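> Here's my sequence, what's the structure:
(chains A and B)
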2 protein chains.
Amino acid sequence: MDTLYMQVADRLQAMIEKEVIRIGDKLPSVRSLSKEQGISMSTVFQAYYHLESKGFIEPRPKSGYYVCFSPRRLPEMPSISRPVKKATEVNVSEMITEVFSHHAGEDLLRFSVAAPTEDLLPSAKLSKSMLAAMRNTGGGLNYENLQGNLNLRRQIARQSLQWGGSITEHDIVTTTGCMDALTLCLSATTQPGDVIALESPAYCGTFQLAESLGLKVLEVPTNPVCGVDLEYLDKAIPKFKIKACVFVTNFSNPIGSCMPDKNKRELVKIVNKYDIPLIEDDIYSDIYFGKLRPSSCKQYDRNGNVLLCNSFSKSLAPGYRVGWTIPGKYKDRVLRLKLNHSVSSATLPQAAIAHFLENGRYEHHMRNLRKMLHTQCLRYQQAIADYFPEDTCVSRPQGGYVLWLELNQSVNTIELYEQALRRKVSFAPGRIFSLQDRYNNCLRISYATPWSKQVEDGLKLIGKLAAQMG
Amino acid sequence: MDTLYMQVADRLQAMIEKEVIRIGDKLPSVRSLSKEQGISMSTVFQAYYHLESKGFIEPRPKSGYYVCFSPRRLPEMPSISRPVKKATEVNVSEMITEVFSHHAGEDLLRFSVAAPTEDLLPSAKLSKSMLAAMRNTGGGLNYENLQGNLNLRRQIARQSLQWGGSITEHDIVTTTGCMDALTLCLSATTQPGDVIALESPAYCGTFQLAESLGLKVLEVPTNPVCGVDLEYLDKAIPKFKIKACVFVTNFSNPIGSCMPDKNKRELVKIVNKYDIPLIEDDIYSDIYFGKLRPSSCKQYDRNGNVLLCNSFSKSLAPGYRVGWTIPGKYKDRVLRLKLNHSVSSATLPQAAIAHFLENGRYEHHMRNLRKMLHTQCLRYQQAIADYFPEDTCVSRPQGGYVLWLELNQSVNTIELYEQALRRKVSFAPGRIFSLQDRYNNCLRISYATPWSKQVEDGLKLIGKLAAQMG
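Numbers count the residues shown, from 1 in each chain, chains lettered A, B, ... in the order given. This is a model prediction of the structure:
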């Protein structure tokens, strides 16, 4: 049950969204709303603070609160992807390395990085947990248990209650981040030469991983709202002899789709029908902007065909490299591969995050992080509406870190990228999210960097450059 | 140049080794030796302390120093391995998992683990470095540079001076331990179905890694003193179309051989002749009992064909999972694989070890560790001479963590292992160090556990059980 102030805030938000109250309109004064609704002034204040934190309204000194944002004014959504329907030998260009090598540059405005910046992370509290971990593990010098820190696995299992899972610590294997989890799961379920299915567009790192394992990739058409086209997939699995699917079911990167529960259930049915594994990259699922965490396919998995992969890299500490997988019936194979390839994962980072979770610090931090990212998402969307050409389409993700933009067909975003880079602004051009010659007029913008004049100027610059090219 | 007391100690040690002074003999008193040699009494004391720490002599109250150990009395060396000369499909038994799953058990005397126990490690000082690392990296929350912590790479490059390398920080890629380094290097240089050459016997983890990458293995005959049979190798490479060699050139595990410089130079020539990579697993090279660190093949490598792999797991902290590779001309491939499979290695463990090295703590710690391990090695050897059947052969490693024992042909060490395990003592049976049905009368004993009554009783037990079976 929502608190009273949330109910008030939700009603106001709905009115703003429907443009009953429009941008620039003044909201009722706190006193008058309190009288009208028969609620306390502090409840009204809380509701207004909440809407302010979400970027819908702003206070003006000695005047009151004004509407400053409406999702109605957002640009159109990008269209459903229509990749060429054939399996492709992976041969990923050097552009990916180029785009992400700029991570290290110091004076670059990075709209390319889909990970939290330091100011979004609970540095001090996590360091306290690290100190506790050092005390509890005798300095963390010894090998950790192969399957992973027991306490961490227990905490992760406990969290699974939130998304309807019924996972125990025995089902979980910790890893060195989510890419390591994906590597282990793909290695455990495929042979070189096999075809796997990915979304289109899909995260470029997954293409590169597939390439390094000698796999071929079929790109599945993907809807920017509800994810992969299941009808297409159902036919493609036998036709292309697909041996595994790797999908980001929640807030997919880069397109931002989130599969409805109905589709998740259907997807699990399909992989069960063909008895192939579904590797569910669930790394963004905890970054939701709605009231509830979306479900995962794993919760509908009764046959052990779903291998869920996740990490704390998008929520707590990318540099800790702590991830995990719930590999279903492939657990033994995953464990053996983990033993062969790394003996075990580092002791201290696992123990520190376990301590952080155990002491209830995670939920508090995540509430703040989600709120901040949601606000940033809305502000970035607004700025794109303001500064980009009118025919720009932009995704409306309900979570995650990125916006997917579709510009006029005449704009080549690789050229745009190079022009922006000269001006010290970087983003991810659309081309790198496919193996085919597609998405040349698309780009991915991460809203991880907190809003500032510099961010605004950076978006303005990209918009201006795009307008010149269109 | 050795200090004076070391010169004295060395002369005395030589006399003990040649049995000029025999077990039970009393050494000259400190005063008399001081007078005879014209050196100070404190120099004599230092020499005696040194020999005591190495386990050669022992003080008896109110009497003086007595010889208590002579390597001459050690059992024979094991014979040169003669593996079946054909490439074998890797299909490693579950025994390996079984042997090492006992890591986790609490009340087991583990002669099976070839890694330092906690009491050999600099827990307090490393924790101080971890605290410094937390301060210097803002809590270590962010992704580390793909190639690895710059300071750590600089420190490793500086150390390479000691073994004659001329490595810079640009040549090094950090990894999540040595197995991760081996995984990256093997993945970068081979394709599934390729044949690779390993020593015989070889570390079981390397067999398992090869299996998981779909590789076939040729086992090369190996001399317990000077390592792989190079004449054999030179013919085998073209004959079996070997695509890569993976050798532990210093203090190989389990057989303990250390290739002489001449052989290392020759080995590099051979791999250059066929232009195939040599993956040099150098993980034990810093655990030397002689005066100098042995050389590595890498120092003779002019063509970039040698990929050196190492870690801090045997010297500082297994649980930190910090390793590295110097991948020669395969660096770009290794870097790309690292990016694809793990994005980067954990930030804090790298920074902590860099700080530890930078502050000169490594050499001091290693001097102590080497001395302790050398003493333990000698004591274990002595106990095996005392408690095992007379026809037992045992290796005489000049470094590393393990002894390789060859028992009477009639003894099956898998059976011996099972009997010992029931009495809460574990070791590694020889069979797991080959893919062929070999080494059934051999076993590997780690001397990592500091000498104690319990250790002595454990060795006595194995010896007794072996005698009953022989």
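
> Name the helix or strand of chain A that has the lowest mean pLDDT.
strand A:88-89 (a mean of 50; mean pLDDT, DSSP states H and E).

> Just after that strand, pick out the following helix or strand.
Using DSSP states H and E, the next helix or strand after strand A:88-89 towards the C-terminus is helix A:95-101.

> Can you name every helix or strand that whichever helix or strand comes after that next one contacts?
Per DSSP H and E, the first helix or strand lying C-terminal to helix A:95-101 is strand A:109-110. Under the contact criterion of 3 or more C-beta pairs under 8 Å, 6 or more residues apart in numbering or on different chains; DSSP states H and E, strand A:109-110 touches strand A:425-426, helix A:453-469. To be clear about C-beta, it is placed using only N, CA and C from the backbone, and glycine gets the same treatment.

> Residue B:67 is nearest to which of the ones you listed?
strand A:425-426 (71.0 Å; C-beta to C-beta).

> ok, is that closest one in contact with chain B or not?
No: using C-beta under 8 Å from any C-beta of the partner chain, strand A:425-426 never reaches chain B; the gap is at least 15.6 Å.

> Check which helices and strands that strand is in contact with.
On a contact count with 3+ C-beta pairs under 8 Å, 6+ apart, strand A:425-426 meets strand A:109-110, helix A:453-469.

> What pairs with it, parallel or antiparallel?
Strand pairing for strand A:425-426, determined by DSSP bridges: strand A:109-110 (parallel).

> you'd agree residue A:130 is up against residue B:348?
Yes: contact criterion C-beta atoms under 8 Å: residue A:130 and residue B:348 qualify, at 7.4 Å.

> and residue A:414, that's in a strand?
No: Residue A:414 is assigned helix when assessed by DSSP: H, G, I helix; E, B strand; the rest coil, not a strand.

> what's the helix or strand for the closest residue in space to residue A:37 that isn't next to it in sequence?
In this structure, residue A:37 finds its nearest non-sequential neighbour in residue A:8, 7.0 Å apart by C-beta to C-beta, 6 or more residues apart in numbering or on different chains. With elements taken from DSSP H and E, the one containing residue A:8 is helix A:4-17.

> Next, the buried residues of that helix.
Neighbour counts over helix A:4-17 (16 or more other C-beta atoms under 10 Å in any protein chain shown) mark A:5-6, A:8-9, A:12-13, A:16 as buried.

> Kindly report the same for stretch A:185-193.
When burial is assessed from 16+ other C-beta under 10 Å, stretch A:185-193 yields the following buried residues: A:185-190.

> how about JSON lines for those, with pLDDT and distance to chain B added?
JSON lines is the format used below for those (pLDDT from 0 to 100; distance: C-beta to the nearest C-beta, whole Å):
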{"residue": "A:185", "pLDDT": "98", "distance to chain B": "12"}
{"residue": "A:186", "pLDDT": "97", "distance to chain B": "10"}
{"residue": "A:187", "pLDDT": "96", "distance to chain B": "7"}
{"residue": "A:188", "pLDDT": "97", "distance to chain B": "9"}
{"residue": "A:189", "pLDDT": "98", "distance to chain B": "13"}
{"residue": "A:190", "pLDDT": "97", "distance to chain B": "11"}
